[in-house]
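S.K.: predicted model and sequence follow; I will ask about them next.
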Amino acid sequence: QVQLVESGGGSVQAGGSLRLSCAGSGETFRSWCMGWFRQAPGQEREGVANIDSDGSTRYADSVKGRFTISRDNAKNALYLQMNSLKPEDTAMYFCAAGDFWPCSRTRALYTYWGQGTQVTVS
């Protein structure tokens, strides 16, 4: 059974930092596209960042320069370092994995999703 489990969310003041982690199991994701999405109440789920198997990264304009996505293929893990957090970053954050290339923010291309971790910035 394939699972993605996020952790690291929480409440933080504006300007603070959080590091999200996503642990994968049941599948080897080293060759897959992996991404972080977020969804605020009443809003569409949006792509935040994604990373190809070769380490190429892409970011939404709203988080460029503040967020950094990385992966550890040996651990089947995905990370999102979030700095200079703003209240508008408040959302449920989800990790996702898809067997396609190149990575994109298109939700439909991702096969597996985690349950999400809440980030609240006040």
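M.R.: It's in.
S.K.: tell me, what residue is most central in this protein?
M.R.: residue 36 (2.0 Å; C-alpha atoms, centre = their mean).
S.K.: residue contacts, that one?
M.R.: The contact partners of residue 36, by C-beta atoms under 8 Å, 6 or more residues apart in numbering, come to 20, 22, 47-50, 69, 78, 80, 93-96. The way it works is simple: take the backbone N, C-alpha and C, and place the C-beta from them, glycine included.
S.K.: which residues does it bridge with?
M.R.: Each beta-bridge partner of residue 36 is listed here: residue 49, residue 95, as defined by DSSP bridges.
S.K.: relative to residue 1, how far out is it?
M.R.: Separation of residue 36 from residue 1 (C-beta to C-beta, to the nearest Å) stands at 22 Å.
S.K.: over to residue 67?
M.R.: 30 Å.
S.K.: ok, now residue 104?
M.R.: Taken as C-beta to C-beta, the spacing of residue 104 relative to residue 1 amounts to 26 Å.
S.K.: go on, residue 94?
M.R.: Spatial separation of residue 94 from residue 1 under the definition C-beta to C-beta is 18 Å.
S.K.: so the two - more neighbours on which side?
M.R.: It is residue 94, of residue 94 and residue 1, that has more neighbours when counted by other C-beta atoms under 10 Å, with 23 against 5.
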